[in-house]
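>>> Quick one, what's the 3D model for this:
(2 chains)
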Amino acid sequence: MNHTHSVLLTWVSIAVVSALAIAGEVLIAGAMQKLGDLDIIREHSGMAGAIRAVLSSPIFLAGAACMALNFFAMLYTLSLVDFTLAMPGIASFTYVGNAVAAKLFLHENVDKRRWLAVVFVCLGVFLIGK
Amino acid sequence: MKHRLAPQQYLILLTVMVTASFGDALLSHGMSQMGPVDLHHPAILLSALANLNIVVGIVLLIGFFASYMTALSWADLTFVMPATAFGNVMVALIGRFWLHEHLSFSRWLGILLLTCAVGFVANGPARTERGETLELTRVDPGVGL
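Below is the predicted model:
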């Protein structure tokens, strides 16, 4: 495998893992918002009722499928790329992508303070992973 | 709508931090023991399930998933995200004070930035108000209490 191919494969695998994580997390967050506070559901219906409520949400199942794919894609990426490059890279892409997706699809009020937090998280994860 | 968190909810966020970071670290350690995986033979990934580090990592990540979903049921995604990132700080501090590893200046700076990020978000509401048109939440999950 030549250098260019190796670098391309590294960043494509990081991008795929990040995209799957963003899709999974936004879908799961959407499902949880729709269901409401799980602690209250557990008080009313018990643990089994809470688990049933979660598992019968098609949005959650779609999100869980993305996260399962993300898991195997992550294993593949970690076997290929150094932890110190893969984790900060995936984390940074995922934090920025999640903030954008949360604003677009979940209509969260991502104010200046939260955008600043996203930037700080990306920089912080990068510096810790160095 | 609740904006202030109860102590039990802070405990959930702490669980998110701890399980995510330690689960990822154990998975990474386990995969480094396995060596490179060939894309043409993805079934090799299944043999990873025989590695103890990977199994413990998976158990921790299941705990992460459960606590993460609980947190998302009462907080915004953009509120919970910095909590997951703060797990990196915990791993770095454990490495410094328990394993006596050297922390470079850039890592201390990273810790400072992540702490500031958590501080920014934690000072605001856990869940922000929304309009009526939620595209993702229009779908009825078919769940009744």
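>>> where do the helices sit along chain B?
Using DSSP state H, the helices found in chain B span residues B:7-34, B:44-47, B:52-72, B:77-97, B:105-122.
>>> buried ones in the shortest one?
So that's helix B:44-47. Neighbour-count burial for helix B:44-47 flags B:Ile44, B:Leu45 (criterion: 16 or more other C-beta atoms under 10 Å in any protein chain shown). All C-beta spots, glycine's among them, are computed from the backbone N, C-alpha and C.
>>> swap in stretch A:40-51?
Buried residues in stretch A:40-51, counted by 16+ other C-beta under 10 Å: A:Ile41, A:Arg42, A:Ser45, A:Gly49, A:Ala50.
>>> okay, B:Trp74: pLDDT?
pLDDT recorded at B:Trp74 is 89.
>>> starting at the chain centroid, how far to stretch A:64-80?
Here the centre of stretch A:64-80 is set off from its chain's centre by 11 Å, with C-alpha atoms, centre = their mean, to the nearest Å.
>>> go on, stretch B:113-125?
16 Å.
>>> Low-confidence stretches in the chain?
As the question left the chain open, I've gone with chain A. Residue ranges of chain A with pLDDT under 70: A:1-2, A:130.
>>> Not quite, go with chain B.
Applying pLDDT under 70 to chain B flags residues B:1-3, B:39, B:42, B:99, B:129-145.
>>> Is the helix or strand where A:Val96 lies positioned near chain B?
Element membership for A:Val96 (DSSP states H and E) is helix A:83-105. Yes: Helix A:83-105 is in contact with chain B by C-beta under 8 Å from any C-beta of the partner chain, via A:Phe83, A:Met87, A:Ala91, A:Tyr95, A:Asn98, A:Ala99, A:Ala102, A:Phe105.
>>> Would you mind pulling up the elements that that helix packs against?
Helix A:83-105 sits against helix A:3-35, helix A:58-80, helix A:112-129, helix B:7-34, helix B:77-97, with contacts defined as 3 or more C-beta pairs under 8 Å, 6 or more residues apart in numbering or on different chains; DSSP states H and E.
>>> which one of these lies closest to B:Cys116?
Among the helices and strands packed on helix A:83-105, the nearest to B:Cys116 by C-beta to C-beta is helix A:112-129 (5.4 Å).
>>> Buried residues, the closest one. List them.
Counting neighbours by 16+ other C-beta under 10 Å, one finds that the buried residues in helix A:112-129 are A:114-115, A:117-129.
>>> Report the angle between it and helix B:105-122.
Angle, helix A:112-129 to helix B:105-122, by axes from the mean of the first three to the mean of the last three C-alpha atoms, to 10 degrees: 160 degrees.
>>> CA atoms of stretch B:57-67 as PDB?
Extracted in PDB, the C-alpha atoms of stretch B:57-67 (Å, rounded to 0.1, in the frame of the first residue of the first chain):
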ATOM      1  CA  GLY B  57     -14.600  -2.700  26.800                       C
ATOM      2  CA  ILE B  58     -17.800  -3.800  25.300                       C
ATOM      3  CA  VAL B  59     -19.500  -4.200  28.700                       C
ATOM      4  CA  LEU B  60     -18.400  -0.700  29.700                       C
ATOM      5  CA  LEU B  61     -19.700   0.700  26.400                       C
ATOM      6  CA  ILE B  62     -23.100  -1.000  27.000                       C
ATOM      7  CA  GLY B  63     -23.100   0.800  30.300                       C
ATOM      8  CA  PHE B  64     -22.200   4.000  28.500                       C
ATOM      9  CA  PHE B  65     -25.000   3.500  26.000                       C
ATOM     10  CA  ALA B  66     -27.600   3.000  28.700                       C
ATOM     11  CA  SER B  67     -26.500   6.100  30.700                       C
END
